[in-house]
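sequence and predicted structure are below.
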Amino acid sequence: MSFAAPWAFCLLPLPLLLLRILPPRRFASGALSLPPALAAAFRPTASLPVRRHARLIVLACAWIALVTALTGPRQERALDVVPASGRDIVLALDLSGSMEREDFVLDGQTASRLAAVQSVAAQFVRGRTGDRVGLVVFGDRAYVAAAPTHDVSAVAQAIGTLQIGISGKATAIADGLGLAIRRLRGRDAESRIIILLSDGQDTTGAVDPVAAAQAAQDLGMRVYTIALGPADLADDPKARDAVDSETLRRIAEAAGGETFRVRSTEDLERVTSAIDRLEPSLADMPPVRTWRFYWPWFAGLAAAGLGLSLALHAKERV
């Protein structure tokens, strides 16, 4: 509990100071003779000291309540709600057949690339409170697995249910990027971001993914790319499931983003932390604080006390 204007408590002794400073009230004196029958029906005011004292006590309590209301009693509280950030994020995840390879370590055990991505990506999405997050998956073709929504828990759950083969086992990077662009196009978000993750090379050849990234840049979108896998196509062209990290780098550069190279689960976790720094989440900001004000309650008590005092005074005069 705190007070907006604690100095108002200095007003509490004001009635006592007025009693000391102001001259006493003088009552007109006089005599009135009444017949005995009428005089018996009246009771002298002095015979009711308890009522007078009660009125003074009520007035004192009303004055204390009024001064307390003037001090503005309040209590600070933190709101659980997080305002919308004005940022739309679409994750474009590769679900090609190579994501089945078990060359990652997750919780001390060997895991597939997909399992590692699901674990880290779901955790990343849950931390994007305030953002509107969507999910696009691609293999032979691209599909929307979750439309952009503020319900980040639902998107994280959708990531956990992904399976290889639901979109084919090829790697249509351009299709996945193009569908993510279409999902963000036309939205009035202040910031629109695509996070593209792939562990292979584009096998469709229908659309140049770098040209698609340039289109995203023209539409005011940023693209971050994640190259996932132990081998690079440029260094070892004959390696099985080598990742085309050079193309992913060019995609990020064309769309004003950054590219990240991932060879382990630790690298993947560092990438999500880096993206959090580049695109801060409102979940990491201090909670929204507000005040709960109690002065209306004290003002109501003061008004009730004044009304009761007037009622007692009127009853004394009867």
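Done, it's in. Numbers count the residues shown, from 1 in each chain.

rest of the way, CA atoms for contacts and neighbours
Fine.

so Gly134: helix, strand or coil?
Secondary structure state of Gly134, per DSSP: H, G, I helix; E, B strand; the rest coil, is strand.

that one against Ala147, yeah?
Yes: counting by CA atoms under 8 Å, Ala147 is a contact partner of Gly134 at 4.9 Å.

rounded mean pLDDT for the helix or strand hosting Leu91, please.
According to DSSP states H and E, Leu91 maps onto strand 87-94. Averaging pLDDT along strand 87-94 yields 91.

now do the same contact list for Ile166.
Going by CA atoms under 8 Å, 6 or more residues apart in numbering, Ile166 touches no other residue.

with the one 5 residues further on instead?
Contacts were defined as CA under 8 Å, 6+ apart; by that measure Thr171 touches 94-96, 138-140, 200-204.

phi, psi for it please.
Per-residue torsions, Thr171: phi -130, psi 90 (degrees, to the nearest 10).

check what pLDDT it gets.
Per-residue pLDDT puts Thr171 at 81.

distance check, it against Gly165.
11 Å (CA to CA, to the nearest Å).

now Leu70
On the measure of CA to CA, Leu70 and Gly165 end up 69 Å apart.

likewise Ala302?
Using CA to CA, Ala302 is found at 73 Å from Gly165.

the two: which is more packed in?
Ala302 (24 against 15; other CA atoms under 10 Å).

tell me which residues touch the nearest residue to the more buried one once chain neighbours are set aside, please.
Closest residue in space to Ala302, ignoring its immediate chain neighbours: Ala62 at 4.2 Å, by CA to CA, 6 or more residues apart in numbering. By CA under 8 Å, 6+ apart, Ala62 lies in contact with 301-306.

same question, Tyr294
Contacts of Tyr294 by CA under 8 Å, 6+ apart are 69, 72-74.

returning to that earlier point: in strands, which of the contacts of Ala62 appear?
Within the contacts of Ala62, no residue falls in strands by DSSP state E.

what would the residues you listed look like in JSON lines with distance to His53 and pLDDT?
What follows is the contacts of Ala62, written out as JSON lines (distance: CA to CA, whole Å; pLDDT from 0 to 100):
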{"residue": "Leu301", "distance to His53": "19", "pLDDT": "88"}
{"residue": "Ala302", "distance to His53": "18", "pLDDT": "85"}
{"residue": "Ala303", "distance to His53": "19", "pLDDT": "88"}
{"residue": "Ala304", "distance to His53": "17", "pLDDT": "87"}
{"residue": "Gly305", "distance to His53": "14", "pLDDT": "82"}
{"residue": "Leu306", "distance to His53": "15", "pLDDT": "84"}
